[in-house]
Structure formats: C-alpha cells, structure tokens
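Trainee: Sequence and predicted structure below; questions after.
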Amino acid sequence: MTSTAARLDVGGMVRVARDRVVARIREAEVVAAALSAGRNVVLEGPPGTGKTTLLRSLADGAGVPLVLVEGNAELTPTRLVGHHDASRVLTEDYRPENFVPGPLTRAMTEGALLYVEEFNRVPEETMNILLGVLSEREMHVPRYGRVAARPTFRLVAAMNPFDAVGTARVTPALYDRSCRVAMGYQDEAAELRVVETVTGGPADLVARAVRAVRITRDHPELRIGASVRGAIDTVLIAVELATVRDTAPLDEETGLDAALAALTGKVTLGDGVGRPVEAVIGDIWRRAGEELGKG
C-alpha cells in the first residue's frame, strides 16, 4: 500500500519566503499552496529568476529538507536512485547495509523536497523512474527492497523553456502529475533591489548593470540574454577593479571591462551574427549608460 502525502505548513513557507525572496510573493504563495496540498511542481523559467532561492525558503518554512539534483545527460537511474558499494559487495555480497542511497532515495526516506534542476536535460529512462515514484510514492530497488516515500516528500522539477540545445521533450505524464508555475524575469525595480542587496554597490553602477542585462534579453543580435546574475557579477567586478586601478567603479573603462568579463560568457549570439560578442556587449554597456543619462 502506498503512503499518502501530508499537508505542509503553508503559512510558515510563505512567511520565510517573504523575508528572503524579492518580488516573488505571488509565485511563493502558489508554489507553497501546491506543495502543501500534496502536489508536485514544475517551475518553468530562465536561469537567474530565483527558483532555487524560492525553494530553499519554502523548504525551511515547511521544516523539511531540500535535496538538490543537477539534471544532465549523466544523471542515470543508478546515480539518482543509488548503488551498492562494489568493494563491500565483493566481501559481503549484496546487503541492505552496503547500499549507498542516491538523492531520490534520500529525499523519499527523509520526506524532503527533491529539486531537480534542468529537468528537460534528464535522460528518458531516469525521467521514467521519477514518474513511477510520483504515481506510486514508492519504488523497488533490486537487491535492496522497497523504498516508500514519507508523507512530506515532493518533487519540484525546474526547466528553462527557452533553451532547446541539449534538451529533450518532457512527457505530458509529468505535467499530468504536477502543477506548473511560470517564473519569468522580474521587473527592473525588483532586479535593482536584488543587485543592491547582494552587492551593496554604488546606486549608479547597479542601475547601469541592471539596465545592461535587461537590454541583452531583447537584443536582436543575441539569442539568449543574461540573468540578474550578470548584473551582480558586473557590479562586484567593477568595484574590485576600481580598487586595483584606483578609479571610480563607474569609470567608463572600468565599468566596460567588468561588463565584458561578467556578460560575454552569459549570453549567446544569434545565428549568423558576424560581430564578436565583445563588440555587442560593448554597445549594450554604452547604450545602458546613455539611456540612464537621458532619464
């Protein structure tokens, strides 16, 4: 007989999220309600939109562990579920005591939130293991036995719907067993608060870095723009570089060099773009300064 899901402390989850997450209260309330109701959740949105921070806050508010798994092509069923210690098997044969639990087994037995990042990069056979657990709330591990999920166990799968490189189509069965919450980029005011909080950098530099990353997301020469992490890195690098050079953090050359270091690896040029990425980011940095100067 399979175990059933238990309610989580929805009030506690939302209270912690309000203290830690910037401008994500609506999403926090919806995700908290879904988890409390015993549902699994699919979070869809680009990187750098606060998905992991949100989940950590909700797990702390609910008083349950959070087990993180990076989704990629190397996440085999064995890595997800666990394996027997080969050296001990040679001397002891297969025993429950020499089984090394993987993240799924740990999350089920601890009653944790299992957070799988980049879920659409997970191999199909591994997805099928997860789908079976979502249906039955238990699994059978060969030569180990039955693993039952504790009542507080939930799956949260995150994916970036805008990146199709190296990803696979997610089966409708996952959506059928989950609730979907979209998490897009925050507005400019919210991103300013995030970067100010994380960096403590000068207001003018923070504003220009945030404006620059926002320009990357709609730039005609870029297929993929930068997240708020790009603005955070720009500010942090500019402050340190200014110390090295004995200049102001928003000195034009210092700011540009910081932006180039922070952003050129976080964006992707569009097909057929002939200019180097450094030239594109340079133009974006100058445009951000001009727009704020006009304001």
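Mentor: In hand now; what should we look at?
Trainee: ranges for the helices of the stretch 1-150 of the chain?
Mentor: 10-20, 25-36, 51-62, 77-81, 86-92, 103-110, 124-136 (DSSP state H, counting those that start in this stretch).
Trainee: helices or strands up against the first one?
Mentor: Read it as helix 10-20. Packed against helix 10-20 by the contact rule (3 or more CB pairs under 8 Å, 6 or more residues apart in numbering; DSSP states H and E) you find helix 25-36, helix 51-62. C-beta here means a position set from N, CA and C on the backbone, and glycine is covered the same way.
Trainee: Now those helices in a markdown table, please, with extra columns for mean pLDDT and distance to residue 274.
Mentor: Formatted as a markdown table, the helices and strands packed on helix 10-20 follow (pLDDT from 0 to 100; distance: least, CB to CB, whole Å):
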| stretch | mean pLDDT | distance to residue 274 |
| --- | --- | --- |
| helix 25-36 | 94 | 39 |
| helix 51-62 | 93 | 35 |
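Trainee: Measure how buried the spatially closest residue to residue 82 that is not a sequence neighbour is and give me the count.
Mentor: Once flanking residues are discounted, residue 82 sits nearest to residue 102: 3.7 Å by CB to CB, 6 or more residues apart in numbering. The local packing of residue 102 (other CB atoms under 10 Å) involves 20 other residues.
Trainee: Determine which stretch of the helices and strands packed on helix 10-20 is the most buried.
Mentor: helix 51-62 (a mean of 22; mean count of other CB atoms under 10 Å).
Trainee: wait, residue 109 sits on residue 145?
Mentor: No: using CB atoms under 8 Å, residue 109 makes no contact with residue 145, being 11.9 Å away.
Trainee: When those two are compared, which one has more neighbours?
Mentor: With neighbours defined as other CB under 10 Å, residue 109 and residue 145 compare such that residue 109 has more, 14 against 9.
Trainee: Can you give me the separation between the more buried one and residue 118?
Mentor: 24 Å (CB to CB, to the nearest Å).
Trainee: Return the set of buried residues in the lowest-mean-pLDDT helix or strand in the chain.
Mentor: Least confident element among the helices and strands of the chain, by mean pLDDT, DSSP states H and E: helix 86-92 (a mean of 74). For helix 86-92, the buried set under the neighbour-count rule, 16 or more other CB atoms under 10 Å, is empty.
Trainee: same check, this time on stretch 145-159
Mentor: For stretch 145-159, by 16+ other CB under 10 Å, it's 147, 149-150, 152-159.
Trainee: now, which of the residues you listed sits nearest residue 272?
Mentor: Set against residue 272, the nearest of the buried residues of stretch 145-159 by CB to CB is residue 159 (27.2 Å).
Trainee: what pLDDT does the residue nearest to residue 82 get?
Mentor: You'll see residue 102 listed with a pLDDT of 93.
Trainee: Show me what the helix or strand encompassing residue 179 is in contact with.
Mentor: Using DSSP states H and E, the element containing residue 179 is strand 178-182. By CB atoms under 8 Å, 6 or more residues apart in numbering, the surrounding residues in contact with strand 178-182 are 27, 30-31, 34, 39-45, 134, 155, 157.
Trainee: Report the lowest-confidence entry in those.
Mentor: For pLDDT, the smallest value among these belongs to residue 45: 88.
Trainee: contacting residues for the residue nearest to residue 224 when sequence neighbours are not counted?
Mentor: Using CB to CB, 6+ apart and skipping the chain neighbours, the partner closest in space to residue 224 is residue 268 (4.0 Å). By CB under 8 Å, 6+ apart, the contact list for residue 268 reads 222-224.
Trainee: And residue 268, how far from residue 180?
Mentor: 25 Å.
Trainee: Show the model's pLDDT score for residue 172.
Mentor: So, for residue 172, pLDDT stands at 85.
Trainee: do the same with residue 162
Mentor: 67.
Trainee: where are the low-confidence patches of the stretch 51-200 of the chain?
Mentor: 89, 94, 97, 162-169 (pLDDT under 70).
Trainee: One more pass at 80, please.
Mentor: 84-97, 161-171 (pLDDT under 80).
Trainee: From the contact counts, what lies against the helix or strand where residue 210 lies?
Mentor: Here residue 210 is covered by helix 203-216, with elements defined by DSSP H and E. Contacts defined by 3+ CB pairs under 8 Å, 6+ apart place helix 203-216 against helix 188-199, helix 228-245, helix 252-263, helix 277-294.
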